[in-house]
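In: Return a 3D structure for these sequence lines:
(chains A, B, C and D, ligands or ions: 4)
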Amino acid sequence: MTTLPPLLELRNISYSSPGQSSPLLEGVNFILREGRIGLIGPNGSGKTTLFQIIMGLLKADAGEILLQGKVMEQEKDFRKLRRKLGFLFQDSDDQLFSPTVLEDVAFGPLNLGASPEEAQKISISTLEHLGLKGFEERITHRLSGGEKKLVALATILSMQPKLLLLDEPSNNLDPTTRERLIKILRGLDQAHIIISHDLDFLASTCTQLYAIQDRQLVRCEDKQVHSHEHIHPYGDKPHQHGT
Amino acid sequence: MTTLPPLLELRNISYSSPGQSSPLLEGVNFILREGRIGLIGPNGSGKTTLFQIIMGLLKADAGEILLQGKVMEQEKDFRKLRRKLGFLFQDSDDQLFSPTVLEDVAFGPLNLGASPEEAQKISISTLEHLGLKGFEERITHRLSGGEKKLVALATILSMQPKLLLLDEPSNNLDPTTRERLIKILRGLDQAHIIISHDLDFLASTCTQLYAIQDRQLVRCEDKQVHSHEHIHPYGDKPHQHGT
Amino acid sequence: MHISEGVLTAPVLIGGAALTAAGTAVGLKKLDYDRIMTVSLLSAAFFVASLIHVPVGPGSVHLLLGGLLGLILGWGAFPAIVVALLLQAVFFQYGGMVVLGVNGLNIAGPAVLCGLVLARWLKGSRKERMAAGFLAGFCSMFLSALLMAGALFLSDQGFLRAAGLLLASHLPVMFIEGVITMFVVGFLARVQPEILSLDT
Amino acid sequence: MIEEPFAEGNTLFHRRDTRVKLIAAAAITLVLALTSSFLVASTGCILTGMLLALSRPTPSLLLRRIGSVNLFTLFLWLTLPLTYGGDKIVSFFFLDISLDGLRTAALITLKTNGILFCFLALLATSTVANLGHGLEKLGMPRKLAFLLLFSYRQLFVIHQEYQRLQRAARLRGFAPSNSLHTYRTYSYLFGMTLVKSWNRAERVHQAMILRGFNGRLIPLNQPQPCREDYLFLIGMLLISLLLAGIPFF
Ligand SMILES: Nc1ncnc2c1ncn2[C@@H]1O[C@H](COP(=O)(O)OP(=O)(O)OP(=O)(O)O)[C@@H](O)[C@H]1O
Ligand SMILES: Nc1ncnc2c1ncn2[C@@H]1O[C@H](COP(=O)(O)OP(=O)(O)OP(=O)(O)O)[C@@H](O)[C@H]1O
Ligand SMILES: [Mg+2]
Ligand SMILES: [Mg+2]
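Out: Ligands and ions are numbered 1, 2, ... in the order given. Below is the predicted model:
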């Protein structure tokens, strides 16, 4: 077997926000073959922007995006790309737009050409897989924050993507839902890239870490257990680390 | 001089969320004379709810709220209370609604009866005090997250409250803005209560710590430096502790 | 601003329904699927406006803001308003299915008309913009009240004086609508001009 | 908060297919809306009242709904007897009271309430989501149906956004009065809500594009009406025929 081209490749991507003088990203290079990647970086450093560029929602000023070795150029190419990449938004309310859970989860498969019956079947099994059995007819806006997040994940997984881009998935989740999400992510077959400020969350879901530093995407050294001391007042109270 | 009544006192406050069977808060007692208080507790334990009860946005099922020794009963009482207590929301987007920064900061003083000139003067000096000089004519909606947080704080400080209730003020702030906020808070004369999961932040801004535990507000032992080890992958990257 | 069910006669109901159907069809035709989300959200916002009560004299009235929607969406305001009315009908049961046609025409018709006529003033000076805002709010409400009075009168001549009374009682509301629409237009022009199709 | 309190429950009415209920409601309201006969209106009011009772609404909520809808009829009761004119006029102290006006007000009150009862029993027992799908199946243009369903979904988000802003204003000492400051504040609160809605629309649209949306909305299969639904429909149509036929007996 010859070596396959990487699933996703970024070559020299540069981007400036409209109205901003200095570029946000400059000459970003990245190759993803498989794996579970964490992405960190300060607020406003362009993490979300990078995801939007990959998905073709924003157009890079320069550079190329390659999906399985093919350069994505036009909207048509990106339409193909979007079948293979799933993007979980930071705010689930932006991602859920159908009245009921089942309709929302089936929206993707229907657009990809599945018949209503197939779409329904896929959706139900996706929901089941995420432990959301019985949620089919629930009204999406009445779900709790954590449930919304899981349903949003279901709407993406029902399209059977090869790679997941998750934007701060653990934000605003209570510890139980957070644990559940970690378990779910660990159990998925897909590759994923996770943006998060929560290092403990990344530690339990990723094997590699990248950071946006000086407008570049840099690989952090591999997982290394480090131990350090720090000083806490109130250290007697149970507490949790991680952003 | 006789001893003054405490600024704020809670007596036996109980509260259940609508539709929830077990109460969220039960017999909460609390006396605040002055000082800088931190408030911790797990997600969903009722910290934000407690603030909303104090401000009269939610009505407690039982118990009394006293401001300077007077029991707050009706909306009219709470209207007076709201002149003395400033509440910083978790999400600044919920707090800012005027087109420009100056208008937003001047809104409170105007409602309290200041003339437009006075309101403008107070607002400008408040902004200056927070290092936001030159922001007057900026469009609030277009500010960055950190800037919004500081402007939201300005909208409250311009009403010259006696006590600040801050709900997770350091959330989603990048390290620089976080440091700036700490400096600002340490420089203020007002008493404050800060909800946060970020113990380091609390350590640098508070002198007492309370926790919500088993539906009660309990005082934690006084500041004690503790040191403990913990294990991190990616520990070589600069990182931040606290939620 | 709603006529409740059971007041109007068949010809008026049918006439209103036909005109509303036509207006909605034109609006839908001009609305491509790329804009459907924007129109949906504005329609929802229009619904929310009807829950906002502002004080007028000793009482309070709820906002309508049809003129504002007309300025923003042009013909697209027609289906948007009809949808919002339909939502009100099912949530609150006032002005339900049978009078939807007449109510839709009464509110969406003037909104679209004012929007189309006044939108060009938005691009002018600050004064012109404020005038456009005020007039859009005031005139669309005035025309709506006029149409409502007309529908009552056409149904039963005996309603003449009651309809006149209704029209007169809406005058302060029209004024408030005008003022609020003016301020909202000013707000949008400063904060997010593209909503009014203005350059940043 | 916006709610659909009548949609919760599990009575005969809640279980029916929405399309069937929509047709039934249309038939009955049409008859009631167009009649000018007291007998039809009052029989209709009684029958729909019985239907409503069968759907077991919460009494307190029901009274509030009936009250708010009858504000308009109250206006008619207050004005029509004095302004309607017509032949039969009785003088009562210094007031001229038109009997025709009273009669019209009474008739409209009966019709309005009959239709309201019918609505509450048949339509309020479905969620808006289901009604939207029902309307679409019954031939409402697809774009309009989706407009309805999407705005329904976002309504709650937008309303909450508005309420949070309003709360912020209240906390900063805002107390509504008859003043320009008040009207300006409401404009800002609503203007900010509009801005947020506008920006949210863009993000939601992106979410649609990401899920393969290319300008065509494909509906998911909805459950088909069953035999009970058809029987129910026949029953309802019989009621409306009966009502329509009363004047001819
Ligand atoms: N629509 C826009 N127009 C102009 N500037 C924008 C827009 N959206 C984002 N920006 C700017 O682009 C920069 C990068 O934003 P981005 O959301 O990618 O950051 P991020 O790394 O995801 O931050 P966070 O951790 O806060 O989510 C920010 O400075 C932001 O102000
Ligand atoms: N409007 C509401 N209706 C019903 N339940 C609510 C409502 N708002 C909050 N709750 C519930 O009340 C509980 C307490 O919420 P609260 O926001 O006070 O918690 P918190 O301690 O501030 O948590 P966090 O750390 O996540 O901010 C939660 O379980 C929440 O689900
Ligand atoms: Mg981001
Ligand atoms: Mg909270």
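In: Please report the number of neighbouring residues for the nearest residue to residue D:246 once chain neighbours are set aside.
Out: Using Cβ to Cβ, 6 or more residues apart in numbering or on different chains and skipping residues adjacent in sequence, the residue nearest residue D:246 is residue D:40, 5.0 Å away. Every C-beta, even on glycine, is put in place using the N, C-alpha and C of the backbone. When neighbours are counted by other Cβ atoms under 10 Å in any protein chain shown, residue D:40 registers 23.
In: mind checking pLDDT for residue D:40?
Out: Here the pLDDT value assigned to residue D:40 is 94.
In: residues in contact with it?
Out: D:31, D:32, D:243, D:244, D:246, D:247 (Cβ atoms under 8 Å, 6 or more residues apart in numbering or on different chains).
In: quick one: low-confidence ranges for chain D?
Out: Within chain D, the segments meeting pLDDT under 70 span D:1, D:88.
In: which residues touch the most centrally placed residue in it?
Out: In chain D, the residue lying closest to the centroid (Cα atoms, centre = their mean) is residue D:119, at 6.9 Å. Residues counted as contacts of residue D:119 (Cβ under 8 Å, 6+ apart) are C:93, C:96, C:97, D:25, D:29.
In: who's in contact with the first one?
Out: Applying Cβ under 8 Å, 6+ apart, one finds that residue C:93 lies in contact with D:65, D:69, D:116, D:119, D:120, D:124.
In: ok so residue A:166 is a strand residue?
Out: Yes: counting by DSSP: H, G, I helix; E, B strand; the rest coil, residue A:166 is located in a strand.
In: my guess is it contacts residue A:198, does it?
Out: No: in this structure, residue A:166 is not within contact of residue A:198 by Cβ atoms under 8 Å, at 11.7 Å.
In: that older thread, make CSV from the contacts of residue C:93 and add distance to residue C:155 and secondary structure to it.
Out: Below are the contacts of residue C:93 laid out as CSV (distance: Cβ to Cβ, whole Å; DSSP: H, G, I helix; E, B strand; the rest coil):
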residue, distance to residue C:155, secondary structure
D:65, 25, helix
D:69, 19, helix
D:116, 19, helix
D:119, 21, helix
D:120, 25, helix
D:124, 27, coil
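In: Looking at the residues you listed, spot the one nearest residue C:101.
Out: Checking those against residue C:101 with Cβ to Cβ, the nearest one is residue D:119 at 16.2 Å.
In: I'd assumed residue D:96 was in a strand, is it?
Out: Yes: looking at residue D:96 with three-state DSSP, it is inside a strand.
In: For residue C:110, give me phi and psi.
Out: Main-chain dihedrals, residue C:110, degrees, to the nearest 10: phi -60, psi -40.
In: give the contact list for it.
Out: Contacts of residue C:110 (Cβ under 8 Å, 6+ apart): C:66, C:67, C:70, C:139, C:140, C:141, C:142, C:143, C:144, C:147.
In: Looks like the last one contacts residue C:106 (just checking).
Out: Yes: counting by Cβ under 8 Å, a contact exists between residue C:147 and residue C:106, whose distance comes to 4.4 Å.
In: need the residues of chain C near chain B, please.
Out: C:186, C:187, C:190, C:191, C:192 (Cβ under 8 Å from any Cβ of the partner chain).
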